[in-house]
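> 3D, please:
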Amino acid sequence: MIKLIIYISMICFGTWGLLSSVFPAISAEIFLGMIFPWIIFLFSVSITRFLHKKNSSNLTKYFSFSMLMKMVVYGIIIIAIFTFISFNPTPFIISFTSYYLTLHLTEAFIIRSFIDNN
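Got it, this is the predicted structure:
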């Protein structure tokens, strides 16, 4: 599990570093678009791993609750960012969408591997 967190973190921060070196004017927007999906991904995978080891029969209820909470949290984050921080929204949206989709698909494969390796 620790290796997974390290690898995903290296990929996220590595791509942010590469994109920031190519587009230095929008590095803050790229970082904000990366950091929130990354934090929620780490939190979600950790809790899923804990619940799967503790009681794997309750995962469906957890997944439903987790998806609802993620939608609420992402909505609050996006509203807060657009309300309180002034920046160029287009790079943020592109970065956020890219990292969100990539990390969400990665989370699905990781959870699948948790369940398959039971």
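> from now on I want contacts and neighbour counts done on CA atoms only, so please keep to that.
Will do.
> give me the number of residues near residue 95?
Residues contacting residue 95 under the criterion other Cα atoms under 10 Å number 20.
> would you mind measuring from it to residue 37?
10 Å (Cα to Cα, to the nearest Å).
> what of residue 31?
On the measure of Cα to Cα, residue 31 and residue 37 end up 11 Å apart.
> the spatially most central residue of the chain in helix, strand or coil?
Among the residues of the chain, the one closest to the centroid is residue 37, at 2.6 Å (Cα atoms, centre = their mean). What DSSP: H, G, I helix; E, B strand; the rest coil gives for residue 37 is helix.
> show me the contacts for it.
For residue 37, the contacting residues are 96, 99-100, 103, by Cα atoms under 8 Å, 6 or more residues apart in numbering.
> kindly report the same for residue 111.
Contacts of residue 111 (Cα under 8 Å, 6+ apart): 45, 48-49.
> most neighbours among the residues you listed, which one?
residue 48 (21 neighbours).
> so which helix or strand takes in that one?
helix 27-54 (DSSP states H and E).
> chain center to that helix, what's the gap?
Put simply, helix 27-54 sits 4 Å off its chain's centre (Cα atoms, centre = their mean, to the nearest Å).
> cool, stretch 25-35 as well?
For stretch 25-35, the distance to the chain centre is 14 Å (Cα atoms, centre = their mean).
> buried ones in it, by neighbour count?
26-35 (16 or more other Cα atoms under 10 Å).
> tell me how many other residues surround residue 3.
So residue 3, with other Cα under 10 Å, has 8 neighbours.
> from residue 76, how far off is residue 92?
Taken as Cα to Cα, the span from residue 92 to residue 76 is 15 Å.
> of those two, which one has the most company?
Using other Cα under 10 Å as the criterion, residue 92 and residue 76 rank with residue 92 on top: 23 against 11.
> and the more buried one, what element?
helix 89-116.
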